[in-house]
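>>> generate a structure from the sequence data that follows.
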Amino acid sequence: MTDEHKSAFVYEPVRLFLEKFRDAHAANVSACFEELFRHSGVNAAENAATVGGLRASEAQLQRVIADHRRKRFERGVMITLAVLCALLPLVMIAMDDWELVARLSVGISGAGVCMWLFAKILPELSKKIETLETSDGILQQQINEQRALAWRQMEPLNALYTWNLAPRLFTQTLPIVTLDAYFDMGRMDFLAQRFGMTPPATQQSTLAVQSGEVQGNPFVFVTDVSMEMGEETYHGSLSISWTEWGTGADGKRCRVTRYETLCASKTAPKPQYVEQTRLFYGNDAAPDLSFSRRPGWVHELNERQRRKRIGNGERQLEAMTREAIKNNGAFLDMTNKEFDVLFNALDRDHAQQFRLLFTPLAQKEMVRLLTDDKAGFGDEFAFIKTRRLNIIVPAHLQTFDFTQSPERWQHYCLDDARAYFNHYHNEYFRHLYFAFAPLLAIPLYQQHKPPEHIHKEAWAHRLAQREHEAAANSLGDKRFAHPHSETRNILKTSIANTGERRETLTVTAHGFACKQRTEYVGKFGGDGHWHEIPVHWIEYIPVARQSPELRAHATIADAMQQNSYLQKEITAAREVYNDTVNQWNSDIFAWPTKMIVAARAGYTTRIPFTASVEMKARAREVFF
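Reported below is the predicted structural model:
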């Protein structure tokens with residue numbers, strides 16, 4: 001095997017990430033952004049000056065807002081003081097125990113202070129508040145103009161961002177991994193027929209999917225949402241009281257009122273929704289071996305705690321080995337006890353193939369991966385192998401956002417756009433790389449290629465069911481929901497018709513209607529009577545809605561293109577409108593002619609167009 005061929009393998013994922021891939025990917029990401037920036041023609045100096053002015057205006061606005069709040073507080077205090085002083089003469093009249101002269105003096109002083117506050121102090125404060133409110137409006141307008149200008153300056157760069165930038169950069173840095181444009185039927189059938197991957201369950205829907213191959217071996221990242229019926233306990237209470245004879249503090253019999261709160265509960269089914277991201281990987285190596293391991297969080301232990309865990313684990317391994325020999329079982333502990341304890345795959349069912357898979361190099365790298373707490377994420381992944389299919393469930397992938405929409409990178413500040421672009425893509429590589437790391441640490445997996453890859457058999461180019469579900473979920477489950485559904489919806493797709501350039505899908509949304517119920521639970525009270533305690537609970541009734549046929553491929557692509565065109569038209573119209581509004585707002589304050597005319601005609605400033613929170617939420621619900 002040549003040195004060039006050896007360099008294509010990644011047998012030491014942690015070391016190679018630190019010494020090679022981390023810096024290489026950072027360089028690739030930086031070069032990509034700088035190329036986009038160079039091609040866009042954005043003037044960095046002009047944008048920096050605009051954003052600098054914007055930041056200064058924002059800081060000044062915050063100072064004005066703080067002064068405005070302080071002056072309003074001062075005015076409130078002065079009004080309160082003035083009212084108290086106005087009431088002081090009335091108080092003095094009502095006080096008979098003071099001398100008349102003293103009461104007159106205090107009353108007249110209070111009235112004088114009140115008149116002084118209303119005549120001088122409060123008008124001055126109101127004038128200052130009015131001036132600050134005017135400054136607030138002018139600064140707000142100035143900020144809007146500066147931000148709009150900064151967005152216009154960055155438009156050429158924002159228009160260059162495309163989908164799948166992160167996957168393209170990932171494969172550029174790590175060529176042994178190939179990422180597909182979409183998850184097709186050929187890839188799905190290959191994973192299902194040869195490696196045993198099962199389709200999503202009935203109460204499970206795919207939110208996102210990314211397929212590809214590592215050295216010819218197929219994989220797919222899947223983010224699913226699953227619905228399981230759990231339980232919810234509802235509580236109710238009833239307060240009762242009764243009167244009985246008792247003994248008082250003086251020792252005499254008297255009637256005493258007793259109080260008691262009766263409590264009851266009811267447990268009823270409730271749907272629970274769980275999202276999970278998993279990596280499915282097919283490989284023919286060790287085809288008869290199955291095992292599983294859970295995260296052990298070894299990287300969080302100090303050296304003393306780690307040694308203690310290994311010592312306890314060694315005794316367990318020895319006991320299991322003795323038991324297997326006694327009963328002619330398949331378990332046999334490894335020579336490398338540190339690996340065997342920390343990896344903790346004690347349910348393995350084929351000792352010979354387990355040793356074949358985990359060579360001394362693989363054991364060493366797996367221990368390094370589990371104990372690493374700087375480069376990667378340590379011992380936070382589950383690893384399930386079922387014959388030819390491997391499933392990795394990394395904890396760090398459960399919270400990372402892999403959305404690749406071009407809008408993610410768009411910004412009005414060049415420096416912020418550059419910093420975020422570099423940071424996100426470097427984190428994307430790190431998260432994806434260490435999801436693969438448990439597989440890369442096993443050399444046999446990279447050395448073994450399936451016959452289908454070697455012979456490069458033709459694969460179909462129809463989308464897989466999981467890709468259909470991901471597309472439907474990207475439009476929002478509320479779009480397909482039953483009118484009475486009040487919970488999250490599980491979307492399932494089926495192909496209604498197949499054409500040359502399109503597939504027609506039927507989307508069925510499964511949710512639950514919520515009905516408020518009340519159940520009365522009987523219970524004896526301290527008064528000796530039977531009471532019915534109301535417990536309010538929710539009954540979840542399954543509902544489903546089958547949507548009209550949804551056309552995939554060409555039709556969706558055309559609709560997305562039309563949506564993109566309309567968005568550009570709306571953006572252009574909004575800019576023209578806001579420019580006109582900004583010019584109007586500036587003109588009505590131009591001294592002297594325009595300001596006088598505006599004052600006489602009652603002209604006021606106009607508010608530039610901005611999308612409300614509700615409108616943005618609705619836009620996310622309905623894609624096109």
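
>>> going forward, measure contacts between C-alpha atoms and count neighbours the same way
Noted.

>>> endpoint to endpoint, stretch 353-362 covers what distance?
13 Å (CA to CA, to the nearest Å).

>>> list of residues touching it?
By CA atoms under 8 Å, 6 or more residues apart in numbering, the list of residues contacting stretch 353-362 from outside reads Tyr11, Ala285, Ala286, Asp288, Leu289, Met334, Arg348, Ala441, Ile442, Pro443, Leu444.

>>> tell me the buried residues in that stretch?
Gln353, Phe354, Arg355, Leu357, Phe358, Ala362 (16 or more other CA atoms under 10 Å).

>>> ok now that stretch, how far from the chain's centre?
38 Å (CA atoms, centre = their mean, to the nearest Å).

>>> in the stretch 51-200 of the chain, which spans are helices?
Ranges of helices within the stretch 51-200 of the chain are 100-116, 122-158, 165-173, 185-195, based on DSSP state H, counting those that start in this stretch.

>>> and the second one with helix 100-116, angle?
When you say that, I think you mean helix 122-158. 30 degrees (axes from the mean of the first three to the mean of the last three CA atoms, to 10 degrees).

>>> still on that earlier bit, now, the buried residues of stretch 353-362 that are in helices?
Gln353, Phe354, Arg355, Leu357, Ala362 (DSSP state H).

>>> list just the nearest of the residues you listed to His468.
Proximity of these to His468 (CA to CA) peaks at Leu357, which lies at 35.5 Å.

>>> distance of the closest one from Ala441?
Leu357 is 10 Å from Ala441, by CA to CA.

>>> Asn328 now?
On the measure of CA to CA, Asn328 and Ala441 end up 31 Å apart.

>>> look at these two and report which has more neighbours.
Ala441 (25 against 9; other CA atoms under 10 Å).

>>> now do the strands in this protein.
Using DSSP state E, the strands of the chain run over residues 177-179, 204-214, 217-247, 253-282, 290-293, 381-386, 389-394, 490-498, 503-524, 530-546, 550-551.

>>> tell me how many other residues crowd Gln62.
Considering only other CA under 10 Å, Gln62 is surrounded by 14 other residues.

>>> hang on, the earlier thing: in a markdown table, list the strands of the chain along with mean neighbour count and distance to Glu34.
Formatted as a markdown table, these follow (neighbours: other CA atoms under 10 Å; distance: least, CA to CA, whole Å):
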| stretch | mean neighbour count | distance to Glu34 |
| --- | --- | --- |
| strand 177-179 | 21 | 24 |
| strand 204-214 | 22 | 27 |
| strand 217-247 | 16 | 30 |
| strand 253-282 | 16 | 32 |
| strand 290-293 | 18 | 43 |
| strand 381-386 | 19 | 35 |
| strand 389-394 | 22 | 32 |
| strand 490-498 | 19 | 41 |
| strand 503-524 | 18 | 39 |
| strand 530-546 | 17 | 48 |
| strand 550-551 | 17 | 39 |
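
>>> which stretch among those strands comes nearest Glu338?
Per CA to CA, nearest to Glu338 of the strands of the chain: strand 290-293, 14.9 Å.

>>> what strands flank that closest one, and is each parallel or antiparallel?
Taking DSSP bridges as the criterion, strand 290-293 pairs within the sheet with strand 381-386 (antiparallel).

>>> what about dumping the CA coordinates of the partner strand to PDB?
Written as PDB, here are the backbone C-alpha positions of strand 381-386 (Å, rounded to 0.1, in the frame of the first residue of the first chain):
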ATOM      1  CA  PHE A 381     -22.200   9.000  22.200                       C
ATOM      2  CA  ALA A 382     -24.200   5.800  22.000                       C
ATOM      3  CA  PHE A 383     -22.900   3.100  19.600                       C
ATOM      4  CA  ILE A 384     -25.200   0.300  18.500                       C
ATOM      5  CA  LYS A 385     -24.000  -2.300  16.000                       C
ATOM      6  CA  THR A 386     -26.600  -4.800  14.600                       C
END
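
>>> top of the contacts of stretch 353-362 by neighbour count?
Ranking these using other CA under 10 Å puts Ala441 first, with 25 neighbours.
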